[in-house]
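# Just to be clear, the model below is a prediction. Sequence and coordinates:
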Amino acid sequence: MSGDRRGPLVVAHRGASAARPEHTLAAYELALEQGADGLECDVRLTRDGHLVCVHDRRVDRTSSGTGLVSEMTLQHLSSLDFGTDDDPAGLLTLAELITLVLDHRSRPTKLFIETKHPVRYGGLVESKVLAELARFGLSAPVSASHSRAVVMSFSATAVWRIRRAAPLLPTVLLGDASRYLGGGAATTVGATAVGPSIKSLREHPELVDRAAAAGRATYCWTVDEPADVQLCRDLGVGWIATNHPGRTKELLAR
Ligand code: G3P
Ligand code: CA
């Protein structure tokens, strides 16, 4: 999961979400066109047990509807508009996003799947994510670096569940840098990478070397400012998640 000499690999955060409505097919297709090395998505469970790509607990901010994702069926969610007046867009399921990634054969793009509210469902979100990855042949990669999927969470419990069920699948334990520097949940759950916010990495840049010394890569979010892209490059961050994948790829190509 590490980067290379040219600098961090670029993950499109919710797709190219500065330019297109987040988590929509248009946002992810644009990110792929712009050369993103990875796509990030948040997944939630619908009332009838489907995994859908939505960040918030409620659909109010990002769609024409109102209410909790967990109280809606896939059929109802699919009737909502997740785009804009000028640019209508439907809901994306995790399966549809995996299909997009696998169909994009010109680059081995990775999918970074973040589980939301894993504790409330007692492991159901993680087991459903693993079942979906298994259905596409992605749950048992030959190595972390060859994996087309990465599972992430702010919950150490969720990461631990994934590690236990799919030991070769790379994982990122998200959290502020201070979470790892005190001796570390990331170490205890065996996450492949630590996942600090850019704000916390500015305060604790030593994290990248400390993580590398422990054999862990660094995934940093959400890195939109050019100065922060440069900071991540200088520090040797492996992956950066950004709402501006095209601009970020251009900056890193200089
Ligand atoms: O990529 C990790 C980052 O997405 C975590 O924060 O709130 O955007 O899901 P959030
Ligand atoms: Ca996320």
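Looks like it arrived, so ask away. Numbers count the residues shown, from 1 in each chain. Ligands and ions are numbered 1, 2, ... in the order given.

# Glu29 should be in a helix, yeah?
Yes. Counting by DSSP: H, G, I helix; E, B strand; the rest coil, Glu29 is part of a helix.

# I'd say it and Val101 touch.
No. If you go by C-beta atoms under 8 Å, Glu29 and Val101 don't touch, sitting 11.2 Å apart. Heads up, the C-betas are built off the backbone N, CA and C, glycines and all.

# quick one: which of those two has more around it?
Counting neighbours by other C-beta atoms under 10 Å for Glu29 and for Val101 shows that Val101 has the greater number, 21 against 15.

# Give the full set of residues in contact with that one.
Taking C-beta atoms under 8 Å, 6 or more residues apart in numbering as the contact definition, Val101 lies against 39, 109-111, 148.

# what about it, distance to Leu39?
To Leu39, Val101 is 6 Å away according to C-beta to C-beta, to the nearest Å.

# list the residues that contact both of these two?
Shared contacts of Val101 and Leu39, defined by C-beta under 8 Å, 6+ apart, are found at 109-111.

# Among the residues you listed, which ones are in strands?
Members of those lying in strands (criterion: DSSP state E): 110-111.

# got a winner among the shared contacts of Val101 and Leu39 for most neighbours?
Leu111 (24 neighbours).

# Neighbouring strands of the longest strand seen in the chain in the sheet, and parallel or not?
In the chain, with assignment by DSSP E, the single longest strand is strand 38-45. Counting by DSSP bridges, the strands paired with strand 38-45 are strand 9-13 (parallel), strand 51-53 (antiparallel), strand 110-115 (parallel).

# Need the winner for burial among the ones you listed.
strand 9-13 (a mean of 27; mean count of other C-beta atoms under 10 Å).

# hmm, back to that, let me know the closest of the contacts of Val101 to Leu201.
Closest to Leu201 out of the contacts of Val101 is Lys110 (20.6 Å), distances taken as C-beta to C-beta.

# Do you know the pLDDT at that closest one?
pLDDT, Lys110: 97.

# Name the nearest residue to it, sequence neighbours excluded.
Distances taken as C-beta to C-beta, 6 or more residues apart in numbering put Gly38 closest to Lys110, at 4.2 Å, once the chain neighbours are dropped.

# Could you measure from the one you found over to Val101?
9 Å.
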